[in-house]
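**Q** Take this sequence and fold it.
(one chain, ligands or ions: 1)
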Amino acid sequence: MGSNCPRGTRKEPSLQPPRRATPRRYLMCPPAHFEVTYSINPWMDPAKPVDVPLAVAQWEDLRDRYRALGHTVEELTPRRGLPDMVFAANGATVVDGRVLGARFAFREREAEAEAHLDWFRASGFDRVHEPVHINEGEGDFAVTASYVLAGRGFRASPLSHGEAQEFFGRPVIGLDLVDPRYYHLDTALAVLDDATDQVMYHPPAFSPGSREVLRRLFPDALLAGDDDAAALGLNAVSDGLHVLLPQSATGLFDPLRERGYEPIGMDLSELLKGGGSVKCCTQELRV
Ligand code: ARG
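**A** Numbers count the residues shown, from 1 in each chain. Predicted coordinates:
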């Protein structure tokens, strides 16, 4: 309470409001057919071999961790010839039970959109919008309490932002991505608490104007440095308390703890070869 809070100590970690996990529903797709045969982002090198059994084991670890935390994980059946399908976050964006389908920027991933739509229709979702404009699901859309943050510059069309705003009826804030390593918004920004608008992000991944927008909207955000961003540390998933993130993003653990979160490091080294980590593998179904 403000009244018994001594002056000048408001930001002391011990005085942070207690964090609370809320149960989530996630959609994931096992990396049974994962491989790197083409390169559509700077992380992908088809010359580097991928260890599929290891990728599957790492992915199962993530899935099992969510379940152990009390979350529901639904599984999408992987399709042969769609090696990036493991990055299930890209297949749709679900807010208030409304499903905005994806439309991929690259031909190699185009067919994933239909696989997701099929799953949503078969799973009883009846408010489904097939998009006109390119958007790669939660790759470029992040949902906070007040906004839908929307990346552009590499994948999502700026026109998809208006389409999302109209469909969800939530304010969409466009953010310009400028570094090809951080080609999707979810490689440069993570929502930590979607009930109170807490985020973490890597400022250099954004244009100067977008950085200013982020500063205005999220003055208390946790800012990630170069090394943690390069470990894809921002490709994280939070349930409001537990933050699952790549284990090599070591610089983020203490700042997260200071803010009352419980960081959980995951090893998704094989999937990093495709340019993705925890968040890319996890689509949240906000029903
Ligand atoms: N290889 C995939 C691509 O470039 C990785 C997608 C990662 N997903 C994400 N949500 N950032 O499209």
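**Q** same for the helix or strand encompassing A142, what does it pack against?
**A** Using DSSP states H and E, the element containing A142 is strand 141-143. Contacts defined by 3 or more Cβ pairs under 8 Å, 6 or more residues apart in numbering; DSSP states H and E place strand 141-143 against strand 92-95, strand 148-152, strand 189-193. C-betas here are computed from N, CA, C, even on glycine.
**Q** Check F34 and give its pLDDT.
**A** F34 is assigned a pLDDT of 98 by the prediction.
**Q** circling back: does the strand holding A142 come close to the ligand?
**A** No. Counting by Cβ under 6 Å from any ligand atom, the ligand has no neighbours in strand 141-143; the shortest distance is 10.0 Å.
**Q** hmm, back to that, mean neighbour count for the helices and strands packed on strand 141-143 - can I get that in JSON lines?
**A** Listed next are the helices and strands packed on strand 141-143 as JSON lines, based on neighbours: other Cβ atoms under 10 Å:
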{"stretch": "strand 92-95", "mean neighbour count": "26"}
{"stretch": "strand 148-152", "mean neighbour count": "24"}
{"stretch": "strand 189-193", "mean neighbour count": "25"}
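**Q** for the stretch 1-150 of the chain, what are the low-confidence residue spans?
**A** Scanning the stretch 1-150 of the chain for pLDDT under 70 picks out 1-15.
**Q** residues from it in reach of the ligand?
**A** Within the stretch 1-150 of the chain, the positions near the ligand by Cβ under 6 Å from any ligand atom are 40-41, 44, 84, 87, 89-90, 109, 139.
**Q** In those residues, find the pair that's most separated.
**A** Greatest spatial distance in those: M44 and A89, 16.5 Å, computed using Cβ to Cβ.
**Q** Of these two, which one has the most company?
**A** With other Cβ atoms under 10 Å as the criterion, M44 and A89 differ in neighbour count, and A89 comes out ahead with 30 against 17.
**Q** and stretch 106-113, which residues are buried?
**A** Neighbour counts over stretch 106-113 (16 or more other Cβ atoms under 10 Å) mark 108-109, 112-113 as buried.
**Q** Can you list the strands that the strand holding A142 pairs with?
**A** For strand 141-143, the pairing partners within the sheet under DSSP bridges are strand 148-152 (antiparallel).
**Q** quick one: the partner strand to chain centroid distance?
**A** Mean C-alpha position of strand 148-152 versus that of the full chain (Cα atoms, centre = their mean, to the nearest Å) differs by 11 Å.
**Q** State whether D61 is indeed within a strand.
**A** No. Counting by DSSP: H, G, I helix; E, B strand; the rest coil, D61 is not part of a strand but helix.
**Q** what separates the closest residue to it other than its chain neighbours from M85, distance-wise?
**A** If the residues on either side of it in the chain are set aside, D61 comes closest to M266, at 6.7 Å by Cβ to Cβ, 6 or more residues apart in numbering. With the distance defined as Cβ to Cβ, to the nearest Å, M266 ends up 19 Å from M85.
**Q** just A47 next, same as before
**A** Using Cβ to Cβ, we find A47 at a distance of 22 Å from M85.
**Q** Just want to know which of the two has more residues nearby.
**A** More neighbours surround M85 than the other of A47 and M85, with 25 against 6 (other Cβ under 10 Å).
**Q** Please name the residues that touch that one.
**A** Shown in contact with M85 (Cβ atoms under 8 Å, 6 or more residues apart in numbering): 29, 33, 76, 78-79, 91, 112, 115.
**Q** P83 now?
**A** 33-37, 274 are the contacts of P83 under Cβ under 8 Å, 6+ apart.
**Q** thought V95 was touching L285?
**A** No. Assessed by Cβ atoms under 8 Å, V95 is found out of contact with L285, at 9.8 Å.
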